[in-house]
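> This is a predicted model, with the sequence first.
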Number of protein chains: 2
Amino acid sequence: MDTISNGWFSEMSPMWPGEAHSLKVEKILFQGKSDYQNVIVFQSASYGKVLVLDGVIQVTERDECAYQEMITHLPLCSIPNPKKVLVIGGGDGGVLREVSRYSSVEQIDICEIDKMVVDVSKEFFPKLAVGFEDPRVNLNIGDGVAFLKNAPEGTYDAVIVDSSDPVGPAQELFEKPFFESVARALRPGGVVCTQAESIWLHMHIIKDIVSACHQVFKGSVDYAWTTVPTYPSGVIGFMLCSTEGPAVEFQKPVHHIDESTDESNTLKGPLKYYNPGIHSASFCLPSFAKRVIDAKK
Amino acid sequence: MDTISNGWFSEMSPMWPGEAHSLKVEKILFQGKSDYQNVIVFQSASYGKVLVLDGVIQVTERDECAYQEMITHLPLCSIPNPKKVLVIGGGDGGVLREVSRYSSVEQIDICEIDKMVVDVSKEFFPKLAVGFEDPRVNLNIGDGVAFLKNAPEGTYDAVIVDSSDPVGPAQELFEKPFFESVARALRPGGVVCTQAESIWLHMHIIKDIVSACHQVFKGSVDYAWTTVPTYPSGVIGFMLCSTEGPAVEFQKPVHHIDESTDESNTLKGPLKYYNPGIHSASFCLPSFAKRVIDAKK
């Protein structure tokens, strides 16, 4: 099975051996090779437009809401009045779109390593790239690890790490030195949310991430998850951690998004997935995952 | 793409057009055609043994826990001391295995239409078919619709409808006359849990099921969901309803399973997925689904 063959895209990887999810391709819209990865955009038969990096689905128009809303609102609704937010990765703009819903936010920095991701999103995914239009956004093209090392200490209320899998350009974003840089850049009681793989496929990776986070973050350390049909196993998780300082109880959102303030922006639209109930519910884990993650506490 | 080709099984259906989930096949263990459907069992590379009916994955050894535990314990932990339980479908025995964890249960009736499903489960899936070994189980091979029509009124504390999709032999199990038979067979305040498709793929079907259930069941009517990686979109839902009588609050389990009483049965093993936290969380829906389901109330 090739990546695209006989009109179907198939997603295969050593990260999920022995299985593949395939989408019918109506039209290939873009194929390119950046300095970091292969980039494909295609129109699918049933999931809208699809962005693929190094053979792995990153975004489909049909289900991107679940990922973008959860990775953003789980951390930002867990603290009062976030002002400075940093996004690492997230070059499609979807997380920016969600961060821009907060009127308290004054500064949104983003560091994406691959300019081609930003460019194709602006060309093919206007409902994601709308996030770049917010005047509070400062776009940096570069290495997120280096960006964080150079960030002034205690700056951010929240850091959102919207990365691809820990193979290829995103590998360092799953390691302890990176988490230490994140902790340094956060204010006391600041929060981080990082993409943290699937409990059905990657408990061994998750176990290591949870261990590293417990060593680095002296506030709360929690794991949440959501469903995304076009991600392997249909689910993806998030590590949510806070630094020492004002306590953060991630399971209990303190901020409710006022969707009525969003009406001027028709591209952004109402929330499709996130609500306070699903915020709290996302921290409830199946027993097989709970046993492993709780053992690391 | 054929069902099995080049060593891969691919699941395709008009129920989820434009996508396919594929599993690498190590060995085909059984292929047969019953009076009702095509039956395949194969050893997969990464999900253990897999049962396929009419081209659709019903069970894999790796993720069956999520489905069997949730469809059983969501209804049975919502009522005190269930005594008589009826399973419609469920010929693999997995639901029986879960029902048999309740010491209060005195009688477990099951009506499966297709004897071949029972036979292949007993041959290839001992960890599911162990459910048939409980002396409280009465196996009926026949039509679940007819079985329910003939059941004495007000008999069951709980009915669990473990069906395939509403095409082929299971179609009637998603329609109002069937729900009326279920309601008739339940005691006052008795509960039913039926397989109710994916919120990501089948909101139009779910909307109709919810409408029909609100007309038929005069107690509680709720929708819950769980993840199952090898089901289309990675999630599957359940309708949970109760008849008029003692109130049932499905979100708040009243019974906790004592796993320590299970130790004599090594095949059954401990719960892998279900716990009281995930019971309550499973009723929290994404906004796009909540809006549709709440509108039917």
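Okay, I see it.
> Would you mind naming what in the stretch 51-200 of chain A lies close to chain B?
A:Asp63, A:Cys65, A:Ala66, A:Trp200 (CB under 8 Å from any CB of the partner chain). Placement of C-beta: from N, CA and C, glycine included.
> Pick out the most distant pair among those residues.
Using CB to CB, the two most remote members of these are A:Cys65 and A:Trp200, lying 21.0 Å apart.
> the more surrounded of these two?
Between A:Cys65 and A:Trp200, counting by other CB atoms under 10 Å in any protein chain shown, A:Trp200 is the more crowded of the two (24 against 21).
> List the backbone torsions phi and psi for the more buried one.
The phi/psi pair for A:Trp200 (degrees, to the nearest 10) reads phi -80, psi -30.
> Flag every buried residue along stretch A:6-14.
Residues A:Trp8, A:Phe9, A:Ser10, A:Glu11, A:Met12 are the ones in stretch A:6-14 that count as buried (16 or more other CB atoms under 10 Å in any protein chain shown).
> from the residues you listed, which are also near chain B?
Here is what survives when the buried residues of stretch A:6-14 are matched to chain B using CB under 8 Å from any CB: A:Trp8, A:Ser10.
> Restricted to strands, list the buried residues of stretch A:6-14.
The strands, defined by DSSP state E, take in A:Trp8, A:Phe9, A:Ser10, A:Glu11 from those.
> Columns pLDDT on top of those residues, output as a markdown table?
Below are those laid out as a markdown table (pLDDT from 0 to 100):
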| residue | pLDDT |
| --- | --- |
| A:Trp8 | 96 |
| A:Phe9 | 97 |
| A:Ser10 | 95 |
| A:Glu11 | 95 |
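> Is it correct that A:Ser198 falls within a helix?
No. Using DSSP: H, G, I helix; E, B strand; the rest coil, the secondary structure at A:Ser198 is coil, not a helix.
> List the contacts of A:Trp225.
Each residue near A:Trp225 by CB atoms under 8 Å, 6 or more residues apart in numbering or on different chains is listed here: A:Ile199, A:Val235, A:Ile236, A:Gly237, A:Phe238, A:Ser282, A:Leu285.
> Across the sheet, point out what pairs with it.
A:Gly237 (DSSP bridges).
> That one and B:Gly234: what is the separation?
Distance, A:Trp225 to B:Gly234, using CB to CB, to the nearest Å: 11 Å.
> shared neighbours of those two, anything?
Common neighbours of A:Trp225 and B:Gly234 (CB under 8 Å, 6+ apart) are A:Val235.
> Excluding chain neighbours, what is closest to whatever residue of the stretch 151-297 of chain A ends up closest to chain B?
With CB to the nearest CB, the shortest gap between the stretch 151-297 of chain A and chain B falls at A:Gly234, namely 1.5 Å. Leaving aside its sequence neighbours, A:Gly234 sits nearest to B:Gly234 (CB to CB, 6 or more residues apart in numbering or on different chains; 1.5 Å).
> That neighbour against A:Ile236, yeah?
No. Counting by CB atoms under 8 Å, A:Ile236 is not a contact partner of B:Gly234; they are 10.1 Å apart.
> Who has more neighbours out of these two?
Between B:Gly234 and A:Ile236, B:Gly234 has the larger neighbour count (other CB under 10 Å), namely 26 against 22.
> which ones are touching that one?
Each residue near B:Gly234 by CB under 8 Å, 6+ apart is listed here: A:Thr227, A:Val228, A:Pro229, A:Tyr231, A:Ser233, A:Gly234, A:Val235, B:Trp200, B:Thr227, B:Val228.
> Swap in 6 Å and give it another go.
Going by CB atoms under 6 Å, 6 or more residues apart in numbering or on different chains, B:Gly234 touches A:Thr227, A:Pro229, A:Gly234, B:Thr227.
> Could I get the full set of helices for chain A?
When secondary structure is read from DSSP state H, chain A shows helices at A:64-76, A:94-99, A:115-124, A:126-129, A:144-150, A:176-185, A:203-216, A:276-281, A:287-295.
> Pipe those into JSON lines and attach mean pLDDT per row.
Listed next are the helices of chain A as JSON lines, based on pLDDT from 0 to 100:
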{"stretch": "helix A:64-76", "mean pLDDT": "98"}
{"stretch": "helix A:94-99", "mean pLDDT": "98"}
{"stretch": "helix A:115-124", "mean pLDDT": "98"}
{"stretch": "helix A:126-129", "mean pLDDT": "96"}
{"stretch": "helix A:144-150", "mean pLDDT": "94"}
{"stretch": "helix A:176-185", "mean pLDDT": "96"}
{"stretch": "helix A:203-216", "mean pLDDT": "95"}
{"stretch": "helix A:276-281", "mean pLDDT": "98"}
{"stretch": "helix A:287-295", "mean pLDDT": "95"}
